[in-house]
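Participant: Here is a sequence together with a model predicted from it:
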Amino acid sequence: MSPIIQVFLKDVASGNLFELPFTSISFIDELNAGKQATFNFDFMAMKDIASKYSTTVVSMFTSSLKEIWVTMNGTTIWLGVVSEYDKSRDASANYTLSVAAIDYFALFQKRRTGLTEVDFSAVDPATIPWSLINTSQGLTNGSYGITQGATASTGLSVTVAYKNSEIRQEIIKLSNAQTNNSFDFDIDFTKKFNVYYPTKGSVRSNIVLDDNNILANSVKIPLVLSLTNSVFVTGQGINNDQAAVNRQASAYQTAYGLLEDVTSDINISDTNLLNALGDRFLALNEQPLYQISLKHDGADPDITTFDVGDTIIVNLPDEAISYSQYRVKKRTVDIDQSGQVISQIDLLLI
């Protein structure tokens with residue numbers, strides 16, 4: 001039996017709320033990167049709804065900031081805001097409507113730290129993201145209603161300076177996505193900004209993916225041009241005054257030969273932080289890691305029982321993977337008009 005899937009749209013300014021019939025939904029959630037979604041609707045059905053409220057379809061979605069979310073059997077499984085409206089008509093004069101949406105974290109790619117330099121000296125990196133978000137929300141018309149949730153202490157100390165920097169990208173750079181031994185983060189469905197150390201998620205030993213519930217799988221192992229065993233990390237400054245370090249994975253140079261790359265962050269002069277950026281880059285690229293993707297019915301296992309960052313059990317005998325632990329790095333969910341839910345998860349080896 002298919003779950004009950006509902007889509008709701010709310011005008012943030014007025015509070016007006018609509019329940020919307022959909023033809024399909026697709027959404028993505030990626031650890032330390034955020035969420036996005038695409039909603040497809042029958043345009044004529046949307047037109048009927050809009051007319052009942054003395055408005056138009058385009059106004060329903062675009063007249064101001066519009067919050068949109070998805071529930072499954074009453075539980076929220078995606079929340080964000082409308083980011084694009086796309087109406088099209090085919091040769092037979094059939095109209096379709098596609099609406100793109102992003103999560104609240106993605107909105108901070110449209111926020112900057114300002115022209116006055118913002119300095120953090122010898123502070124825990126886990127405290128910086130909320131400081132940037134909270135300051136930005138304090139600006140005129142700047143609040144998205146995000147509050148502080150879970151906090152954490154990494155025990156690290158960093159010095160960093162920002163000037164006219166994109167807040168979203170700087171938070172990602174500080175996190176485990178790009179900095180070694182740092183923190184994970186998210187904005188949850190209650191609009192709380194949470195920081196997790198050392199990582200987000202729990203071990204879900206009761207969730208097993210094997211031949212009984214895997215609908216499809218793929219295993220990719222990148223080699224040579226996808227590998228890096230020596231990385232140059234550059235930071236603040238210019239020419240000979242530019243902060244820079246070189247981090248190497250010597251063992252993998254012996255196996256694959258010298259493979260070099262470069263990464264940078266112009267806001268950082270702190271050598272320890274540059275080292276951490278380089279070490280994280282190597283951790284993700286120094287060896288040919290399995291890239292495993294599994295597709296399963298959204299009810300088996302139930303997608304509401306685990307999240308990105310959680311650790312699950314995978315059994316793929318053909319790939320010599322026997323009940324091994326993997327973290328969920330990314331999840332892509334597709335829902336059709338009947339409520340059938342198909343989930344694809346991309347995994348990280350523990």
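Facilitator: Looks like it arrived, so ask away. The structure presented is a predicted model; accordingly, all values stated were derived computationally and were not measured. Numbers count the residues shown, from 1 in each chain.

Participant: which ones are touching V328?
Facilitator: By CB atoms under 8 Å, 6 or more residues apart in numbering, the residues touching V328 are 31, 201, 306-312, 345-348. From N, CA and C alone the C-beta is placed, and that goes for glycine too.

Participant: what kind of secondary structure is it in?
Facilitator: Recorded secondary structure, V328: strand (DSSP: H, G, I helix; E, B strand; the rest coil).

Participant: Identify the bridge partners of it.
Facilitator: Beta-bridge pairing for V328 (DSSP bridges): L347.

Participant: The helix or strand hosting S51: which residues count as buried?
Facilitator: Secondary-structure element containing S51, defined by DSSP states H and E: helix 43-52. The neighbour-count check on helix 43-52 (16 or more other CB atoms under 10 Å) flags 43, 46-47, 49-50 as buried.

Participant: again, but for stretch 65-83
Facilitator: Neighbour counts over stretch 65-83 (16+ other CB under 10 Å) mark 66-72, 77-83 as buried.

Participant: again, but for stretch 173-185
Facilitator: Across stretch 173-185, burial judged by 16+ other CB under 10 Å covers 173-180, 182-185.

Participant: do stretch 340-347 as well
Facilitator: Within stretch 340-347, the residues scored as buried using 16+ other CB under 10 Å are 341-347.

Participant: Show residues contacting it.
Facilitator: With contact meaning CB under 8 Å, 6+ apart, stretch 340-347 is reached by 2-3, 5, 72, 215, 291-299, 303, 312, 314, 326-335.

Participant: Give me the buried entries from those.
Facilitator: Neighbour counting by 16+ other CB under 10 Å classes 3, 5, 72, 291-296, 298-299, 303, 312, 314, 326-335 among the contacts of stretch 340-347 as buried.

Participant: hang on, the earlier thing: let me have the buried residues of stretch 340-347 in CSV, extended by secondary structure.
Facilitator: Listed next are these as CSV, based on three-state DSSP:
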residue, secondary structure
V341, strand
I342, strand
S343, strand
Q344, strand
I345, strand
D346, strand
L347, strand
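
Participant: then the helix or strand hosting A251 to PDB, C-alphas only?
Facilitator: Following DSSP H and E, one finds A251 within helix 250-256. What follows is helix 250-256, C-alpha atoms only, in PDB (Å, rounded to 0.1, in the frame of the first residue of the first chain):
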ATOM      1  CA  SER A 250      53.300   9.200   0.300                       C
ATOM      2  CA  ALA A 251      52.000   5.600   0.500                       C
ATOM      3  CA  TYR A 252      49.600   6.200  -2.400                       C
ATOM      4  CA  GLN A 253      52.400   7.900  -4.400                       C
ATOM      5  CA  THR A 254      54.300   4.500  -4.300                       C
ATOM      6  CA  ALA A 255      51.200   2.700  -5.600                       C
ATOM      7  CA  TYR A 256      50.000   5.100  -8.300                       C
END
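
Participant: Now the following helix or strand past it: buried residues?
Facilitator: Remark: after helix 250-256, the chain's next helix or strand is strand 260-264, criterion DSSP H and E. Using 16+ other CB under 10 Å as the test for burial, strand 260-264 gives 263-264.

Participant: If anything else comes up later, I'll come back, but that's it for now.
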